[in-house]
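> For reference, the sequence and a predicted model appear below.
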Amino acid sequence: MKEKIVTFGEIMLRMTRPNKERIIQGSAWKGLFGGSEANVAVSLAMFGDNVEYVTRLPNNKIGMACLNEIRKYNVGTDYIVHGGDRLGLYYYEESAALRSSSIVYDREDSSITTIKSGMIDWKKTFSEARLFHWSGITSAVSQGAAEVTNEAVEEAAREGITISCDINYRANLWKYGKDAHDVLLPIAQKSDIVFGTADEWKLITGITPPDFKATTPDYPIDSAAYKEYFGKASKSLPKAKKMIVALRNTLSANHHLLSGVIFADGKLYTTRIYDIDDVLDPMGVGDAFIAAYLHAHLKYGDDNQRCLNFSLAASALKNTIPGDFNLSTEQEVDYLMNGFEE
């Protein structure tokens, strides 16, 4: 039986100043690898899933270091292709108290931005796959990357593979002359599972989801409003069987409230709100959510409530882990999800 999960996208080297220093100060940098779809792959591997990560890496020592890092977590790399001159970089300034985080990208002409259709043999890549996950970040970086993403989604659809989409809109990445909505919506319409934040759902559907303004864990989520929203949104995404919104309200750099909703089979599912008052690293929190959802969906099927509870708990745990990867096990997520009762 086919059991492999395949993810595709760009992985980069994240450069961060230590001790929450600003990008413009200090002399030291800490380097970590990360990228949305790689983050999902590592999370799934941590849960024990059979996962394959696909990307394009430069054939140099930085590419080799990146490959070694991914393999360390038991992520499959058999279908990674090599080419291009460089790995993309981004410089990350961590938030602190009232100061927001900041990112400077250096990914122009990276190996993934110069990828072209036909460079990846998707039929061979999907030979053992049951699920394919893609995100809008890859489609944002270049026309070629968007075409390869669509190429992968079309092949997955032909083979009857479940397709998962993280809308993952990053406004400052769309520089090659295409509108994000026009590129992402047609690919998302081929997907069975669609995930994103409220702003990303607005981009895709043109309809604004309900507000999430929680300041305490007892904030009432307006289930009726979300159900009404998804009733309208589903007209834009008729293939989507599971539609998921990750909810976050940021009170300060270190104080976030998280929740989420799932709409499936005409029903809306809500869950608790996590009040996290000591956020160590919020990068990759959304990736942790969708990775945990994919794991739970494959394990528990249409138990939508359990899948949502597990996804949110994994996302909450990621806030406590430095770096892009959610290095949490299934047992640790279950422990939090069940209220520390095992």
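That came through, no problem.
> Where does the prediction get shaky in the stretch 201-342 of the chain?
For the stretch 201-342 of the chain, applying pLDDT under 70 flags the ranges 340-342.
> where along it do the helices fall?
In the stretch 201-342 of the chain, the segments counted as helices under DSSP state H, counting those that start in this stretch are 223-233, 285-300, 304-318, 330-337.
> give me the element V104 is part of.
Assigning secondary structure by DSSP states H and E places V104 in strand 102-106.
> So which residues make contact with that strand?
R22, I23, G88, L89, Y90, Y91, Y92, E93, N172, L173 (C-beta atoms under 8 Å, 6 or more residues apart in numbering). Backbone N, C-alpha and C define where each C-beta goes, glycine included.
> between the helices of the stretch 201-342 of the chain, which gets nearest to D275?
Shortest distance between D275 and those, using C-beta to C-beta, is found for helix 304-318: 9.5 Å.
> Give me the buried positions along that closest one.
304, 306-318 (16 or more other C-beta atoms under 10 Å).
> Quick check, A225 in contact with I207.
No. The criterion here is C-beta atoms under 8 Å, and A225 misses it with I207 at 11.7 Å.
> A292: which of the buried residues of helix 304-318 is nearest?
Nearest to A292, judged by C-beta to C-beta, of these is A314 at 3.4 Å.
> now the closest one, nearest residue through space, not along the chain?
Distances taken as C-beta to C-beta, 6 or more residues apart in numbering put A292 closest to A314, at 3.4 Å, once the chain neighbours are dropped.
> got the contact list for that neighbour?
By C-beta under 8 Å, 6+ apart, A292 lies in contact with S43, F47, F310, S311, A313, A314, S315, N326, V333.
> cool, Y229 as well?
For Y229, the contact set (C-beta under 8 Å, 6+ apart) comprises I207, P209, P210.
> between those, which is nearest E37?
Distance to E37 across these (C-beta to C-beta) is lowest for P209, with 24.0 Å.
> May I have the beta-bridge partners of the closest residue in space to A214 that isn't next to it in sequence?
Distance criterion C-beta to C-beta, 6+ apart; nearest residue to A214, sequence neighbours excluded, is L257 at 4.4 Å. Residues in a beta bridge with L257, per DSSP bridges, are N249, D275.
> same check, this time on H133
Here H133, judged by DSSP bridges, has bridge partners T7, S164.
> Report the separation between it and D199.
Taking C-beta to C-beta, to the nearest Å as the measure, H133 and D199 are separated by 20 Å.
> Compare those two (neighbour count), which wins?
Shown here are H133 and D199; by other C-beta atoms under 10 Å, H133 has more neighbours (29 against 12).
> Was I right to think the more buried one contacts S164?
Yes. Between H133 and S164 a contact is recorded at 4.2 Å, counting by C-beta under 8 Å.
> who touches both of the two?
Common contact partners of H133 and S164 (C-beta under 8 Å, 6+ apart): I290, L294.
> Excluding chain neighbours, what is closest to the residue nearest the centre of the chain?
The centroid of the chain falls nearest to D287 when counting by C-alpha atoms, centre = their mean (3.2 Å). Among residues not flanking D287 along the chain, N39 sits closest, at 3.7 Å (C-beta to C-beta, 6+ apart).
> same thing with Y293?
S311 (4.1 Å).
> Can you give me the separation between the one you found and Y91?
Here S311 is placed at a distance of 30 Å from Y91 (C-beta to C-beta).
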